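*Asks:* Show me the folded form of this:
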Amino acid sequence: MDDLQLKLKRIQGRSKKDKEETIRLQFDTRLGRLRKLRKDFRDLERKALDERIHYLNSMLQQKQEQERLRHKLQRLKAIPEENFIYPRKSIFDFTAFILILFQVAWIVLMGLVVEYREDTADNNGYNTRIDDWYSFYTQIALQVFFAWGMSGLWLRKYAFGSLLFSFMIGVYALQWGFLLNGFFDEVSRSQYGVLDLTIHKLILALVCSTALVVSHGAVLGKVGIFGGEIFFYTLAGVAVWTLNYFICILVLKASDVGGAMTVHLWGGLYGIGATTCLSRYWDRRDPTYTSDQHPEHTSNYLSDVMAMVGTIFLWILFPAWNAALAPDTSQHRVAINTFLGLTASAVVGYLFSRIVRSKYVEIRDIQSVIFAGGIALGSGHSLVIKPAAALIIGAVAALSALIADVFLHNHWEKRRPHNRLRVFDTKHVFAFHVIPGLIGGIASIVAAVINSQVQYGVDVTENYFRRGFPRQGGFQAACLFISIATAVLSGYLVGFILNVLRGKITKKTPGPYLDEHAFVIPYDYPKPAYLYGGWTDTAVSGTNPPTRAAATAAPPAAPANTPPQ
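*Replies:* Residues are numbered from 1 along each chain as shown. Okay, here's the model as predicted:
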């Protein structure tokens, strides 16, 4: 009996195993069929995406041919030109009249009150300097007229404006900054007469230009050439900057050799004050306008690469900027400390960009944060601090700038009822210029209070600072607060005036971040989003074909004003 039961259990166990094996085989068979169907589906999806990419490429090629044909017909006057935002009634408009008038006035003033020095001391430099004046001039001029404009090329539809308007602001500020700086220098010495024209004073005029070019980053894309907006913005800024320089440097004798307080801090706050009023204008006109949400406030791969090239150019030349106006026997320390601060800010900026951006590096962070350390080392403390202190200041400046950009900048751009600011800072100059400049000013105050009178075998009060320690710290603090006050008040006033005059001198104001309102654009210029029903990726150049990610999006709507083939 027991043997029979044992045999029955064995038979039942075998049948159970057979059933399990049968079920497993059926499952494997069905799973294999599903895998084959999934593979077939992926092949079909891949073919469909390839066909869609070919379809989009053909549309772009067709649009390119249409644009070429339209430009040829317009040159032959076979079709009427498109309507301009600013109708040109004559060759000499209001803007041209103002610019010509002030240029003639500048030439007359240069002929009446400017003359070369008879000696060459202020033109060639000294034995205790690391280079001659003209070498410093060329390196600073490359930064002002080339690199700063290149750093704003990430706006893919505002490349002409970023380069040319930054260049013109630098030129205007150089012209009038030289005259006004010379005037205030005569006032400080109570010696009135002919202004001496030297390379040293030309470099000082370039410093004035840099402050205005830095401020242009906040209003980039929102201030145009029409109605003399850029000229008024620049001329008013030059007048206030030279006054601030006269008070802080020539009267109070503060030390700010690299312009941490009087250039970067002042220029950033001047632009912030102006963009506060200008942003309200666009806020009323376009309810969708914010810096991060506006359809034209975008970049592409090539524009970001070009902006990064300009940023690296600035990074390389920045030590010359801080060291140019440094006192004798201190230039080598200023240049080396600046280089150390730049390296620290580059490393810390890269690492923390990965941290705050969830292990992805935001190229816009790198474009701005890598020279924060150089800005923070642009005041009087770079003359006397140790190399380790320079590294710490550079790292702190980069970290503070990045934190301000990630958290503070997004907060004050939000469109909420209780947020009265709504400041739309195009290049985020508050985070990447104002914050490092503020850190540099505070560091100069601390260094002027705690350092001894003799540093590196040199009497600091006789060679570097005009007053002894810690008394110099109070004048450094005064320079910091005066620079903040004059920049904010004058910038807000200039922005208010531009906001009031808009629509009065000229009939309309163009949309922001677009080159087409001020330049003759080529046929491959990306058309604005409003012409295509919201489809913003409308570049007609054949060099950037669409990707698979773009292929999955909805097809673009055909433009309403497409010319016939």
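
*Asks:* Assign residue 298 to helix, strand or coil.
*Replies:* The three-state assignment at residue 298 reads coil, by DSSP: H, G, I helix; E, B strand; the rest coil.

*Asks:* how close does it get to residue 428?
*Replies:* In this view, residue 298 and residue 428 are 15 Å apart by CB to CB, to the nearest Å. C-beta here means a position set from N, CA and C on the backbone, and glycine is covered the same way.

*Asks:* Please apply the same query to residue 518.
*Replies:* 24 Å.

*Asks:* Show me which residues of stretch 372-389 are buried.
*Replies:* 372-385, 389 (16 or more other CB atoms under 10 Å).

*Asks:* who touches residue 350 in this structure?
*Replies:* By CB atoms under 8 Å, 6 or more residues apart in numbering, the residues touching residue 350 are 361, 366, 370.

*Asks:* what sits against the second one?
*Replies:* It refers to residue 366. Neighbours of residue 366 in contact, by CB under 8 Å, 6+ apart: 308, 311, 349-350, 353.

*Asks:* Secondary structure element holding it?
*Replies:* Assigned by DSSP states H and E, residue 366 falls within helix 363-369.

*Asks:* Can you report how many residues neighbour the nearest residue to residue 487 once chain neighbours are set aside?
*Replies:* Closest residue to residue 487 apart from its sequence neighbours, by CB to CB, 6 or more residues apart in numbering: residue 269 at 3.7 Å. Using other CB atoms under 10 Å, residue 269 has 28 other residues around it.

*Asks:* what about residue 269, helix or strand, and which?
*Replies:* Here residue 269 sits within helix 266-285, counting by DSSP H and E.

*Asks:* And for residue 57?
*Replies:* According to DSSP H and E, residue 57 maps onto helix 2-75.

*Asks:* Which strands or helices does that helix pack on?
*Replies:* helix 548-551 (3 or more CB pairs under 8 Å, 6 or more residues apart in numbering; DSSP states H and E).

*Asks:* Make TSV out of the contacts of residue 350 and add pLDDT.
*Replies:* Output for the contacts of residue 350, formatted as TSV (pLDDT from 0 to 100):
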residue	pLDDT
361	85
366	88
370	90
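
*Asks:* what about residue 270, how many neighbours?
*Replies:* Using other CB under 10 Å, residue 270 is surrounded by 34 other residues.

*Asks:* on that earlier part again, comparing residue 298 and residue 428, which residue is more hemmed in?
*Replies:* Higher neighbour count among residue 298 and residue 428: residue 428, with 22 against 17, using other CB under 10 Å.

*Asks:* which stretches of the chain form strands?
*Replies:* Along the chain, counting by DSSP state E, strands occupy 114-116, 195-197, 454-455, 458-459.

*Asks:* Let me see the residues that make contact with the second one.
*Replies:* This points to strand 195-197. Contacts of strand 195-197 (CB under 8 Å, 6+ apart): 113-117, 122, 178-179, 182-183, 185-186, 201.

*Asks:* now, which of the residues you listed lie within helices?
*Replies:* The helices, defined by DSSP state H, take in 113, 122, 178-179, 182-183, 185-186, 201 from the contacts of strand 195-197.

*Asks:* nearest to residue 448, of the residues you listed?
*Replies:* Nearest to residue 448 among the ones in helices among the contacts of strand 195-197: residue 185, at 24.0 Å, using CB to CB.

*Asks:* Next one: residue 29, what pLDDT does it get?
*Replies:* Residue 29 carries a pLDDT value of 86.

*Asks:* Likewise for residue 88?
*Replies:* 47.

*Asks:* how far away is the closest residue to residue 378 other than its chain neighbours from residue 338?
*Replies:* Distances taken as CB to CB, 6+ apart place residue 258 nearest to residue 378, at 2.6 Å, with adjacent residues excluded. Per CB to CB, residue 258 is found 7 Å from residue 338.

*Asks:* Can you pull the residues that touch both of the two?
*Replies:* Contact criterion CB under 8 Å, 6+ apart; residues shared by residue 258 and residue 338: 321-323, 374, 377-378, 382.

*Asks:* From these, which shows the smallest pLDDT?
*Replies:* Across the set of the shared contacts of residue 258 and residue 338, residue 382 stands lowest in pLDDT, at 79.

*Asks:* picking that back up, could you tell me which residues within the helix holding residue 269 count as buried?
*Replies:* Within helix 266-285, the residues scored as buried using 16+ other CB under 10 Å are 266-282.

*Asks:* rewinding a little: among the strands of the chain, which is the most enclosed?
*Replies:* Mean neighbours per residue, mean count of other CB atoms under 10 Å, is largest over these for strand 195-197, with a mean of 18.

*Asks:* What backbone torsions are found at the one residue sitting closest to the centre of the chain?
*Replies:* The residue lying closest to the centre of the chain (CA atoms, centre = their mean) is residue 427, at 3.8 Å. Taking degrees, to the nearest 10, you get phi -100, psi 10 for the backbone angles of residue 427.

*Asks:* Now do the contacts for it.
*Replies:* Listed by CB under 8 Å, 6+ apart, the contact set of residue 427 reads 151-152, 217-218, 220, 368.

*Asks:* didn't residue 203 look like it was pressed against residue 135?
*Replies:* No. Using CB atoms under 8 Å, residue 203 is not in contact with residue 135, being 10.7 Å away.

*Asks:* Which of the two has more residues huddled nearby?
*Replies:* The neighbour comparison of residue 203 against residue 135 (other CB under 10 Å) goes to residue 203, with 18 against 14.

*Asks:* And that one, what's its pLDDT?
*Replies:* In this model, residue 203 carries a pLDDT of 90.

*Asks:* any idea how far it lies from residue 143?
*Replies:* 12 Å.

*Asks:* And residue 346, by the same measure?
*Replies:* Residue 346 sits 17 Å away from residue 143, going by CB to CB.

*Asks:* cool, residue 112 as well?
*Replies:* 31 Å.

*Asks:* Looking at those two, which one has more neighbours?
*Replies:* Of the pair residue 112 and residue 143, residue 143 is the one with more neighbours under other CB under 10 Å, namely 23 against 10.

*Asks:* Residue 411 - how many residues pack around it?
*Replies:* Around residue 411 sit 10 other residues, with neighbours defined as other CB under 10 Å.

*Asks:* Use 29 as the first number from now on
*Replies:* Fine by me, first position is 29 from now on; the one you just mentioned is residue 439.

*Asks:* Now residue 204: closest residue in space that isn't a chain neighbour?
*Replies:* Spatial nearest neighbour of residue 204, chain neighbours left out: residue 266 (4.8 Å); criterion: CB to CB, 6+ apart.

*Asks:* show me the contacts for the one you found.
*Replies:* 200-201, 204-205, 208, 236, 240.

*Asks:* All the helices of the stretch 329-478 of the chain, in order from the start?
*Replies:* In the stretch 329-478 of the chain, the helices defined using DSSP state H, counting those that start in this stretch lie at 329-351, 359-384, 391-397, 400-404, 415-431, 437-441, 457, 463-478.

*Asks:* Pull the distance from the shortest one to the chain's centre.
*Replies:* What it means is helix 457. Centre-to-centre, helix 457 and its host chain are 7 Å apart (CA atoms, centre = their mean, to the nearest Å).

*Asks:* Just list what it packs against, helices and strands only.
*Replies:* Contact partners of helix 457 among helices and strands, from 3+ CB pairs under 8 Å, 6+ apart: helix 294-313.

*Asks:* Could you do the first one as well?
*Replies:* Judged by 3+ CB pairs under 8 Å, 6+ apart, the packing partners of helix 329-351 are helix 161-170, helix 176-178, helix 359-384, helix 391-397, helix 400-404.

*Asks:* Closest to residue 550 out of the contacts of residue 378?
*Replies:* residue 394 (29.4 Å).

*Asks:* ok, that closest one to residue 378 distance?
*Replies:* Going from residue 394 to residue 378 by CB to CB gives 6 Å.

*Asks:* same deal with residue 187?
*Replies:* The spacing between residue 187 and residue 378, counted by CB to CB, is 26 Å.

*Asks:* for residue 128, same thing?
*Replies:* Residue 128 is 48 Å from residue 378, by CB to CB.

*Asks:* List the residues that contact the closest residue in space to residue 279 that isn't next to it in sequence.
*Replies:* Leaving aside its chain neighbours, residue 279 sits nearest to residue 216 (6.7 Å; criterion: CB to CB, 6+ apart). Each residue near residue 216 by CB under 8 Å, 6+ apart is listed here: 274, 278-279.
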